[in-house]
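Asker: output the structure for:
(2 chains)
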Amino acid sequence: AQKITQTQPGMFVQEKEAVTLDCTYDTSDQSYGLFWYKQPSSGEMIFLIYQGSYDEQNATEGRYSLNFQKARKSANIVISASQLGDSAMYFCAMREGSRGGSTLGRLYFGRGTQLTVWP
Amino acid sequence: EAQVTQNPRYLITVTGKKLTVTCSQNMNHEYMSWYRQDPGLGLRQIYYSMNVEVTDKGDVPEGYKVSRKEKRNFPLILESPSPNQTSLYFCASREVGSGYTFGSGTRLTVV
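Answerer: Take a look at the predicted model:
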């Protein structure tokens, strides 16, 4: 079973509008971390935002906010005031907690959502 | 500058010719890992290392080897590359309590 599911292969948004990219995850661990990365056409992986499973408040980083719904196992990212430079592939990822140390630090990725921002 | 450095950035090689992709980090991170990225599949973990001399398989380890003789380096070795290993490869490192830092990627083509 997929650990991370991103159901939107592609999304389009007009400049200055907000957009939500969906991410659901599957884990039986109590301690885990959720990440979002941006990959522009140049290929590098750029860290955007992190949410820990025990964090009570939703994470925010500038124009990025994470809508964390633990009971639904959902970690959607909201990008506000979209810019043309936001056009990129976006990946959701999860790090599971320790289970005898065998999976500590492993990072599971979704298949990504290609975001296109148009003027 | 804190970074993860991969070399080479681009490589075209022939089937069966052994190659090594190097990865080095200057942040004294204990955890390092390798991923491959293929269209429509996201990033999949190949191998990871929790510390020096400690390595373990990820989701797609077949055809790859790694070693972790020193903390800063984590090379990825393809003993006999095949065309299905054509991919974009990323190395990443992490310290406990911090996020993952990725290298710039290595685009490998095996013909």
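
Asker: got the residues of chain B near chain A?
Answerer: Within chain B, the positions lying close to chain A (Cβ under 8 Å from any Cβ of the partner chain) are B:31, B:33, B:35, B:40-45, B:48, B:50, B:56, B:58, B:88, B:90, B:92, B:94, B:99-102, B:104-105, B:107. (Each C-beta comes from the backbone N, C-alpha and C, glycine too.)

Asker: which ones among these map onto strands?
Answerer: Counting by DSSP state E, these place B:31, B:33, B:35, B:42-45, B:48, B:50, B:56, B:88, B:90, B:92, B:94, B:100-102, B:107 in strands.

Asker: picking that back up, need the buried ones from the residues of chain B next to chain A selected in PyMOL.
Answerer: Remark: buried members of the residues of chain B next to chain A, expressed as a PyMOL selection using 16 or more other Cβ atoms under 10 Å in any protein chain shown:
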select buried, chain B and resi 31+33+35+42+43+44+45+48+50+56+58+88+90+92+94+99+100+101+102+104+105
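
Asker: chain A: strands as residue ranges?
Answerer: A:4-5, A:10-14, A:19-21, A:24-25, A:32-39, A:46-52, A:60-61, A:64-69, A:74-79, A:88-96, A:107-109, A:113-118.

Asker: what about the lowest-mean-pLDDT helix or strand in chain A and chain B, touching?
Answerer: When the helices and strands of chain A are compared on mean pLDDT, DSSP states H and E, strand A:107-109 comes out lowest with a mean of 90. Yes - interface with chain B: strand A:107-109 contributes A:107-109 (Cβ under 8 Å from any Cβ).

Asker: and residue 28, what pLDDT?
Answerer: I went with chain A, as the question did not name one. pLDDT recorded at A:S28 is 89.

Asker: that's the wrong chain, I wanted chain B
Answerer: For B:N28, the model assigns a pLDDT of 92.

Asker: shouldn't it be in contact with B:T101?
Answerer: No - between B:N28 and B:T101 there is no contact under Cβ atoms under 8 Å: 11.9 Å.

Asker: got any ranges where chain B has weak pLDDT?
Answerer: Along chain B, the parts satisfying pLDDT under 70 run over B:96-98.

Asker: I meant chain A, not that one.
Answerer: Low-confidence segments of chain A (pLDDT under 70): A:97-105.
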